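**Q** Got a predicted model here, sequence first, then my questions.
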Amino acid sequence: MLQSLALALEGNRALARRNRFAPITVAVKSGAEAWTVQFGQDPIVVAKGAPATADLTFEASPETWAAFASPVPPVGYQSLNGMMRMGHLAVSGTMLEFGRHMTLIEDVFAAVRGAKPARDKPASVGKPWIEGITGRYLHTDLDGRPHRIYFEEAGPADGIPLLCLHTAGSDGRQYRGVLNDPEVTRTFRVIAFDLPYHGKSSPPAGFETDIYRLTTKLYVDTVMTVSRALGLKTPVVMGCSIGGRAVLHLALQHGPDFRAAIGLQSAIYADPGANPGLRELEVINRPDVHGGDASAAFVSCLISPTSPPTDRAETLWHYSQSAPGVFMGDLVYYMADGDMRNLDLSPLQSQQCPLYLLTGEYDLSATPALTADLAQKVNARYFEVMKGLGHFPMSEAPERFLAYLRPVLSRIAAES
């Protein structure tokens, strides 16, 4: 186990380069055993014993480390940050250093699972081809200010509108699998837009003097503004994470305007985890931390360990591109302003806007248990736990996700 840690840099030039700038010492404790991992050198030095001067100390039971080292770790053991969130791993020392170098540390420690399966060589595309997705810009007033909002769509103009809402800190590219699926676009006009400040959507004029904060009112108003500006008639709305929360607010406030709502990773509140230290340090938005790298590392613990490596990497790549302060501003809605625990949810039981709920089993934020509780409270039309999927099902494993989504869309189309 110890020796495999030192092999993590082999063949990974990007990881090796980051390691050069991470002169940190990590002590690891497991029962009566202890060892040290010294970063900043090539190769990484792994030795027995744990010095009192270590920058960070990771302490967990032998059973916890064994679960983490499994080729396919159980839910909650897929990453160091995930184990910390679940209370399985105690981390002490300079937490800011963990936040700065989390991606590096996670990737190195994951080497205890043995060699990763070789990536399949991408098949040649052959003759160049163009996806059937159209991207355009919508100019509209929102919250009393002019906005330029980017959206992509695919499918027939007269199809059932399916309006897709991305996760916090990311953008509509997450729905590329849905937009490109011929089974879906045969019936549905799929539309994915980037919230203002996200992806290709611009912030409003004067944003440089503001602090971006997403509120329930702003989110709901944005979705309704886009839907009406595009002339969508009783669309289906589907959202993930913050979008999965937003579909609940939309159904509650504007139920008659929607044919149905599909909540991906929906819950009336977010599980903060047993140790919210990294979030409280605001590692995703501070000048002494690489925000893009920290944002990707921050959410990587929410992805299933069985997700295809290429799709996992692309999902995290989108997070690494988030503008400063945007991810943190979205969390204002997800963690606080959009909390629905004090709202009367009984109107959602009327089925005026039927709710369909799909949640990945590896999500540590909007957990299957939280979604099951939501399904019971609102008498959801449908609820299923998606095996082998995490918090970003539509992007971390598009084909696997579509196998769960297609039957739901077929049911909505039939009931329409």
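**A** Everything's here; your move. Numbers count the residues shown, from 1 in each chain.

**Q** so what are the domain limits for the chain?
**A** Listed by automatic domain parsing, the domain ranges of the chain are 2-113, 134-415.

**Q** a markdown table for those, including distance to Gly126 and mean pLDDT?
**A** Heads up, the C-betas are built off the backbone N, CA and C, glycines and all. Listed next are the domains of the chain as a markdown table, based on distance: least, Cβ to Cβ, whole Å; pLDDT from 0 to 100:
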| stretch | distance to Gly126 | mean pLDDT |
| --- | --- | --- |
| domain 2-113 | 29 | 90 |
| domain 134-415 | 17 | 97 |
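
**Q** Mind putting the ones you listed into a markdown table with distance to Val125 and mean neighbour count?
**A** Formatted as a markdown table, the domains of the chain follow (distance: least, Cβ to Cβ, whole Å; neighbours: other Cβ atoms under 10 Å):
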| stretch | distance to Val125 | mean neighbour count |
| --- | --- | --- |
| domain 2-113 | 25 | 17 |
| domain 134-415 | 13 | 20 |
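
**Q** Enumerate every residue touching Asp143.
**A** Shown in contact with Asp143 (Cβ atoms under 8 Å, 6 or more residues apart in numbering): Pro204, Leu218, Asp221.

**Q** Backbone dihedrals for it, please?
**A** Main-chain dihedrals, Asp143, degrees, to the nearest 10: phi 60, psi 30.

**Q** Renumber starting at 23 from here on
**A** Okay, using 23 as the starting number, the last item reads as Asp165.

**Q** From Thr247, how far off is it?
**A** Using Cβ to Cβ, to the nearest Å, Asp165 is found at 9 Å from Thr247.

**Q** Next: Tyr404.
**A** 28 Å.

**Q** got it, and Ala214?
**A** Ala214 is 16 Å from Thr247, by Cβ to Cβ.

**Q** and Leu184, backbone torsions?
**A** phi -120, psi 100.

**Q** From His312, how far out is His123?
**A** His123 is 10 Å from His312, by Cβ to Cβ.

**Q** repeat for Ser322
**A** The value you get for Ser322 to His312, if Cβ to Cβ is used, is 15 Å.

**Q** ok, now Ala89?
**A** 30 Å.

**Q** Just the strands from the stretch 273-422 of the chain, written as ranges.
**A** 282-286, 377-382, 404-408 (DSSP state E, counting those that start in this stretch).

**Q** could you dump those strands to CSV with distance to Ala391?
**A** As requested, those are exported to CSV (distance: least, Cβ to Cβ, whole Å):
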stretch, distance to Ala391
strand 282-286, 15
strand 377-382, 9
strand 404-408, 10
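
**Q** right, and the ones you listed - which one's nearest Ser83?
**A** strand 377-382 (26.3 Å; Cβ to Cβ).

**Q** partner strands of the closest one, parallel or antiparallel?
**A** strand 282-286 (parallel), strand 404-408 (parallel) (DSSP bridges).

**Q** so can I have CSV of the domains of the chain showing distance to Ser146?
**A** Formatted as CSV, those follow (distance: least, Cβ to Cβ, whole Å):
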stretch, distance to Ser146
domain 24-135, 23
domain 156-437, 15
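
**Q** And these: which comes nearest Pro150?
**A** domain 156-437 (15.9 Å).

**Q** tell me how far the ends of that closest one are from each other?
**A** In domain 156-437, first residue to last residue: 28 Å (Cα to Cα, to the nearest Å).

**Q** go on, stretch 399-411?
**A** Across stretch 399-411, the terminal residues are separated by 24 Å (Cα to Cα).

**Q** Likewise for stretch 378-395?
**A** 14 Å.

**Q** likewise stretch 378-389?
**A** 16 Å.

**Q** Ok, which of the strands paired with strand 377-382 comes nearest Ser114?
**A** Going by Cβ to Cβ, the one of the strands paired with strand 377-382 nearest Ser114 is strand 404-408, 34.1 Å.

**Q** so how far is that closest one from its chain's centroid?
**A** Mean-position distance between strand 404-408 and its chain equals 18 Å (Cα atoms, centre = their mean, to the nearest Å).
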